[in-house]
Structure formats: C-alpha cells, structure tokens
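In: model this:
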Amino acid sequence: MKTFETIALLRDYESRNLLFTEPDGSWPIVWERAKGVNVWDAEGKKYLDLTAAFGVAAAGHANPNVVKAGQKQMARLLHAMGDVHPHALKAQLARELSRITFERWAKKNRQSAIGNRQSGKVIFSNSGFEAVESALKTAMLATGKHGVIAFEGAYHGLGYGALNATHREHFRSPFQSQLREFGYFAPFPKKTSDLATVEFQVRHFFRRERIGAILVEPIQARGGINVPPKEFLPLLRKLCDDHGALLILDEIYTGF
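Out: The predicted model follows:
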C-alpha cells in the first residue's frame, strides 16, 4: 500500500484528533519496515531513525535477540491475566527493575529513605500516561496532598490526571470544565542562571498550595528537547525533601 493510500484511509476512518497530516500528503512518513537504526517508507525510501520509535526501539529495530525472545514467548504464552493470573516472567521483571533502580540507588546512599528499604515496588502499565497517573495517585496516598508542580513545556500524557500536569493549552482547553486543576507550572530552566527563578516559584507553590509531588521530565522531549542544567534535578530533590513531597521523574523518553 502506497503512502497516499494509507493516509487517505486514515483520514476517512481514524479520528482526526490522533494523527496530523499535511494536505499535500508530505507528512507523515508511512513506515513500511525497519532494521537497526533505519526505517523505510511505503515507497522504499530509507531514513535514519533518531527517535528510536519514542524509545521503544532503544535496542534497535528488529533486533534479532529481541525478535527471538518475543517469538519464543509468544509460542509458549501470548497473554497472562496480569493482576489475576500472573506469569513467572512478570515477577522476574519486577525483581530486575528493583535491582537496577531502588537497590542500586540504595547502595549509593545508605542513609536516605530509599536506602533503608531492601527493594522497590513496581506498577506495570500499558502507556506513559498510565505510569504518570499511577505516580500521581501514589503521591496523593503517600502525602495526603493532591497538588503537583510541573513545568512549562511539559508533556505527561492526555489522560485526565496527566492532562492536569501537561502544559499544552490546545490539549487542555477542550476539557477545562472536567479538569480538577491540581497542576501548577514553574519555568523549565535551560541554563544555570534560570535556577533561582525556578526555586523561587517552586517554593512559592509549596507555601500557597497543598503540594504532594513535583513531576518533571529530566529532558523535555515533546517540549522541544530541552536539556536543563545539571544542578536542576538535585535542586528538585532538595525542595521535595524540604517539604515532604515526592519527586516523580517522567522518563518515558529518557529511560533509567
């Protein structure tokens, strides 16, 4: 199927709110296949994929080890009923995620709150916004405070909870009457001299609102690939510790 045929079908049958298409058909690129760091469109033109398919293909497209493991598992068991009838691999993955995150961090700082725990707890989800909303719920349950500080330019997903912390007016405005409005936005720093302004605004929110968490992308992706100064995340860690709040890192794009 050619690019124009695929786009025509999507225009006819998919909600227009999901995919942006140029009237002349020049966008989007319709992917036909991929291998390693390259993708090919429906006409056979080759591209270098600098997105890693939103991080899904971090090990490369069609990585033979990933393909082999997937085929082996699908031949044995394609789907287990997660929260009802789990599979052993779920337990093993939870253990491995704890090992490479909480337990590794604990070794670096035995005196921290995390360091006093033997393992971390995992919640598996189907998408980025589900992960964000699980984190927001966790912060609410842990602190009893519903407010969350996010940042200008932030994108955390389009579910109602995540949308409160997404700094995109065109996503938020159609649903304004249904939003709880518990998100507060501070500037996202791009250089070290911006940090004083960020700290002032964050402390202001902590004084004025019932803030249970700070939600941040270590590198803003959809906001424009904005890389903050190295002092930014340690500053947020300190501000959360000072005010008894949770620090939530949305690493859908950046990984661990």
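
In: any chance you could map the helices in the stretch 51-200 of the chain?
Out: 64-76, 88-100, 102-108, 128-143, 160-163, 169-172, 195-208 (DSSP state H, counting those that start in this stretch).

In: other residues contacting the longest one?
Out: Defining contact as C-beta atoms under 8 Å, 6 or more residues apart in numbering, one finds that helix 128-143 is touched by 123, 125, 145-146, 148, 156-159, 161-162, 165, 212-213, 215, 244-246, 248, 250, 252. Where you see a C-beta, it was placed from the backbone N, CA and C, and this is true even at glycine.

In: what distance do you get for Ala8 to Trp31?
Out: Separation of Ala8 from Trp31 (C-beta to C-beta, to the nearest Å): 17 Å.

In: I should have written Asp194 there, sorry.
Out: Look at Asp194 and Trp31: by C-beta to C-beta, they are 37 Å apart.

In: which parts of the worst-scoring helix or strand of the chain on mean pLDDT are buried?
Out: Least confident helix or strand of the chain, by mean pLDDT, DSSP states H and E, is helix 102-108 with a mean of 82. Using 16 or more other C-beta atoms under 10 Å as the burial criterion, the residues of helix 102-108 that qualify are 102-103, 106.

In: can I get those residues in CSV including distance to His79?
Out: Formatted as CSV, these follow (distance: C-beta to C-beta, whole Å):
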residue, distance to His79
Phe102, 28
Glu103, 29
Ala106, 34
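
In: what is the nearest of those to Arg95?
Out: For those, the closest approach to Arg95 (C-beta to C-beta) belongs to Glu103, at 9.7 Å.

In: isn't that closest one right up against Leu97?
Out: No. Glu103 lies out of contact with Leu97 (C-beta atoms under 8 Å); the separation is 9.8 Å.

In: what do the two both touch?
Out: Common contact partners of Glu103 and Leu97 (C-beta under 8 Å, 6+ apart): Gly120.
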